[in-house]
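**Q** could you look at this predicted model? Sequence included:
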Amino acid sequence: QVQLVESGGGLVQAGGSLRLSCAASGRTSSIYAMGWFRQAPGKDREVIAAISWSGGSSLYADSVKGRFTISRDNAKNTVYLQMNSLKPEDTAVYYCAAALSGEHEYNYWGQGTQVTVSS
């Protein structure tokens, strides 16, 4: 089992920045990849960024590419999402998730953190 706890959400004006953190505990040595997802009211949950735990390769959704950066600190078992140039349409609940080796699915989820961007 892996437990994930997000932090860093809040209210920010358009154009501002926030950094989300996701601290992992439990079977962290088995983590294969971690991702950030978001869900806005009335919309489906979408993946916005993901990073491999060992090699550090990352990918982004087109909607956040160039504005958001995912990174990880293996020593702290923490993944970050630096969000710059925020837009009102970035308003959502943001979740981090973990996929373990051999599973290749995001089976472990944090509780979510609210990000609200005002215009």
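**A** Good, I have the coordinates. Every value quoted in this text rests on a predicted model; they were computed, and no experiment measured them.
**Q** work out which residue lies at the spatial centre of the protein.
**A** Nearest to the mean C-alpha position of the chain, by CA atoms, centre = their mean, lies Trp36 at 2.5 Å.
**Q** quick check, it in contact with Leu81.
**A** Yes. Contact criterion CB atoms under 8 Å: Trp36 and Leu81 qualify, at 4.8 Å. For the C-beta atoms, the positions are set from N, CA and C on the backbone; glycine is no exception.
**Q** any common contacting residues for those two?
**A** Leu20, Cys22, Ile48, Ala49, Phe68, Ile70, Tyr94, Cys96 (CB atoms under 8 Å, 6 or more residues apart in numbering).
**Q** from these, which land in strands?
**A** Those of the shared contacts of Trp36 and Leu81 mapping onto strands are Leu20, Cys22, Ile48, Ala49, Phe68, Ile70, Tyr94, Cys96, per DSSP state E.
**Q** in a markdown table: those residues, plus distance to Gln3.
**A** Converted to a markdown table, these look like this (distance: CB to CB, whole Å):
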| residue | distance to Gln3 |
| --- | --- |
| Leu20 | 17 |
| Cys22 | 11 |
| Ile48 | 22 |
| Ala49 | 21 |
| Phe68 | 24 |
| Ile70 | 20 |
| Tyr94 | 17 |
| Cys96 | 11 |
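**Q** if you rank the residues you listed by neighbours, which is first?
**A** When neighbours are taken as other CB atoms under 10 Å, the top entry among these is Cys96 (29 neighbours).
**Q** state the distance from it to His104.
**A** Look at Cys96 and His104: by CB to CB, to the nearest Å, they are 17 Å apart.
**Q** need the nearest residue in space to Gly8, chain neighbours excluded.
**A** Counting by CB to CB, 6 or more residues apart in numbering, Leu20 is the residue found nearest to Gly8 once chain neighbours are left out, at 4.2 Å.
**Q** and if you look at Glu105?
**A** Ala99 is the one closest to Glu105 (CB to CB, 6+ apart), at 5.8 Å.
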